[in-house]
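> Model the structure of this input:
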Amino acid sequence: MPDRRRDAKPNETTRRALLGGTLLGTTGLLLGGTAAATTSPPSTRALSIAGTDSWGARPPRSEPVVLARPARKIIVHHTATPNSTDYSRAHAFELARSIQDYHMDHNGWIDTGQHFTLSRGGHLTEGRHHSLAAFDSGGNHVVSAHTSGQNRLAVGIENEGTYNSVAFPGTQYDKLVELCVALCDSYGIESYEIYGHRDFNATGCPGDRLYALLGQLRADVAASVGGDPTGVSWPLLRPGDEGERVRTLQHLLNEHGATLSIDGIYGPATETAVSDFQRSTGAIVDGLAGTQTWNQAVRDRENGDSGPAVRAVQHRLGTTVDGIFGPVTESAVRNFQDGRGLRVDGVVDARTWDELLG
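I've put the predicted structure just below:
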């Protein structure tokens with residue numbers, strides 16, 4: 001696999017019923033403040049993350065699946081629990097146990113849903129078993145249960161608190177930057193592949209105040225790992241639209257099981273396929289192809305892949321459309337990336353898909 005940052009180159013489908021207004025045994029206090037904290041990029045990649053043994057985790061009901069490939073993106077959450085003023089490590093451990101209990105006993109999952117949890121005091125704990133080992137390896141990813149449609153692709157980070165109207169604490173933000181830098185460095189994730197839960201699913205998570213910080217988070221991470229931190233921006237397509245963007249959407253929907261004719265017309269069949277896909281991935285079901293639909297539909301494609309998504313790439317590049325990503329397609333992707341000022345690695349990631357859509 002190419003280096004995804006440098007020029008060398010079904011799962012548990014739902015994860016969140018809100019944890020509720022009580023944590024889980026802790027008394028919360030909503031903090032005031034109108035300005036979010038800022039931080040300088042971390043100067044070290046060394047992180048202290050308490051493993052599942054350290055905080056007294058229960059054994060998982062069954063062994064989590066570990067994929068022999070790296071994570072592709074990072075998704076940021078908030079726990080939607082009270083904004084505790086207990087910043088101790090002991091509280092962070094209590095939080096980790098409470099979340100695991102809720103996910104296993106209430107949601108019926110095999111283990112904690114997310115990979116890592118960050119307390120308001122800046123303490124990091126491993127969530128799902130084996131997440132820390134996978135992170136350390138840089139080449140493995142634990143199938144999780146934090147974002148419907150993305151659990152085989154993305155690292156999930158739960159941030160303690162509720163950030164709809166309350167500012168995100170500076171200590172917590174600093175540690176979030178540090179963790180994201182380390183994850184991007186280990187897995188080769190680009191900073192523009194840092195998202196909020198609401199970018200994929202019908203939810204308010206991670207809260208308006210924390211979500212508004214994601215642009216700054218990407219920039220602070222990029223200051224350490226390099227690259228362009230600008231988030232991708234998708235077109236909004238609707239019934240009645242026609243053209244190449246609709247054709248690309250139809251290919252991508254077929255990649256996920258639809259059987260559409262590739263005619264470039266957003267008619268009733270395409271609208272139904274969009275709604276069905278949105279429903280299956282936990283996105284807002286409105287029949288319109290917007291941010292959540294595109295984020296769920298696109299998948300990284302590279303040499304060796306095949307299928308309708310590759311056909312979409314080939315059609316947009318003007319190469320032979322055979323659905324097989326071989327050397328000719330890779331060369332065309334590299335030329336396209338070079339011409340658009342993108343990272344030239346031959347991998348069609350979210351940024352390249354965004355540019356292909358025009």
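
> neighbours around Asp322, how many?
13 (other C-beta atoms under 10 Å). The C-beta positions use only the backbone N, C-alpha and C, and glycine is treated the same way.

> With adjacent residues omitted, what lies nearest to it?
Gln314 (7.2 Å; C-beta to C-beta, 6 or more residues apart in numbering).

> What's the first helix or strand after the helix or strand containing the one you found?
Element membership of Gln314 [criterion: DSSP states H and E] is helix 308-317. Later in the chain than helix 308-317, the nearest helix or strand by DSSP H and E is helix 327-339.

> any idea how far Thr112 lies from Trp55?
The gap separating Thr112 from Trp55 is 10 Å, by C-beta to C-beta, to the nearest Å.

> repeat for Gln216
Distance, Gln216 to Trp55, by C-beta to C-beta: 30 Å.

> between the two, who's got more neighbours?
Between Gln216 and Trp55, counting by other C-beta under 10 Å, Trp55 is the more crowded of the two (20 against 16).

> you'd agree that one is up against Ala96?
Yes: counting by C-beta atoms under 8 Å, Ala96 is a contact partner of Trp55 at 4.5 Å.

> Identify the contacts common to those two.
Thr125 (C-beta atoms under 8 Å, 6 or more residues apart in numbering).

> give the contact list for Ala46.
Taking C-beta under 8 Å, 6+ apart as the definition, Ala46 has no contacts.

> which residues are common contacts for Thr112 and Trp55?
Common neighbours of Thr112 and Trp55 (C-beta under 8 Å, 6+ apart) are Ala96.

> can you list the domain ranges for this structure.
Domain assignment for the chain by automatic domain parsing gives 49-225, 244-357.

> At the geometric centre of this structure, which residue sits there?
Residue closest to the average C-alpha location in the chain (C-alpha atoms, centre = their mean): Ile75, at 3.5 Å.

> My reading is that that one is in a helix; is that accurate?
No: Ile75: not assigned to a helix; according to DSSP: H, G, I helix; E, B strand; the rest coil it is strand.

> What are the buried residues along stretch 233-244?
234-235, 237, 241 (16 or more other C-beta atoms under 10 Å).

> and of those, the nearest to Glu63?
Using C-beta to C-beta, Trp234 is the member of the buried residues of stretch 233-244 that lies nearest Glu63, at 36.3 Å.

> Surely that closest one touches Gln296?
No: contact between Trp234 and Gln296 fails when scored by C-beta under 8 Å: they sit 10.8 Å apart.

> what does the helix holding Gln314 rub up against?
Taking C-beta under 8 Å, 6+ apart as the rule, helix 308-317 contacts 244, 247-248, 251-252, 254-255, 262, 298-299, 301, 320-325, 329, 332-333, 336, 348, 356-357.

> from these, which would you call buried?
Buried among those (16+ other C-beta under 10 Å): 247-248, 251-252, 254-255, 262, 298-299, 301, 321, 323-325, 329, 332-333, 336, 348, 356-357.

> Quick check: Thr147 vs Gly307, distance?
Here Thr147 is placed at a distance of 23 Å from Gly307 (C-beta to C-beta).

> So which of the two has more stuff around it?
Taking neighbours as other C-beta under 10 Å, Thr147 and Gly307 compare with Thr147 leading, 33 against 15.

> what's that one in contact with, if anything?
15, 75, 77, 154, 156, 197, 200-201, 282.

> Tally up the residues packed near the closest residue to Asn164 other than its chain neighbours, please.
Sequence neighbours aside, Gly207 is the residue nearest to Asn164 in space, at 4.5 Å (criterion: C-beta to C-beta, 6+ apart). Using other C-beta under 10 Å, Gly207 is surrounded by 24 other residues.

> what sits against Gly207?
With C-beta under 8 Å, 6+ apart, Gly207 has these contacts: 78, 80, 162-166.

> my guess is Ala219 is in a helix, correct?
Yes: counting by three-state DSSP, Ala219 falls inside a helix.

> My guess is it contacts Gly231. True?
No: assessed by C-beta under 8 Å, Ala219 is found out of contact with Gly231, at 10.3 Å.

> Who are the contact partners of the nearest residue to Gly267 once chain neighbours are set aside?
Distances taken as C-beta to C-beta, 6+ apart put Pro239 closest to Gly267, at 7.0 Å, once the chain neighbours are dropped. Residues in contact with Pro239 (C-beta under 8 Å, 6+ apart) are 266-268, 270-271, 287.

> cutoff 7 Å now
By C-beta atoms under 7 Å, 6 or more residues apart in numbering, Pro239 lies in contact with 266, 271, 287.

> Glu158 too?
77, 79, 99, 114, 117, 127 are the contacts of Glu158 under C-beta under 7 Å, 6+ apart.

> just so I have it, where are all the helices in this structure?
52-55, 89-101, 131-137, 170-187, 208-211, 214-225, 244-255, 268-281, 291-297, 308-317, 327-339, 350-357 (DSSP state H).

> closest to Pro64 out of those?
Of the helices of the chain, nearest to Pro64 by C-beta to C-beta is helix 131-137, at 8.2 Å.
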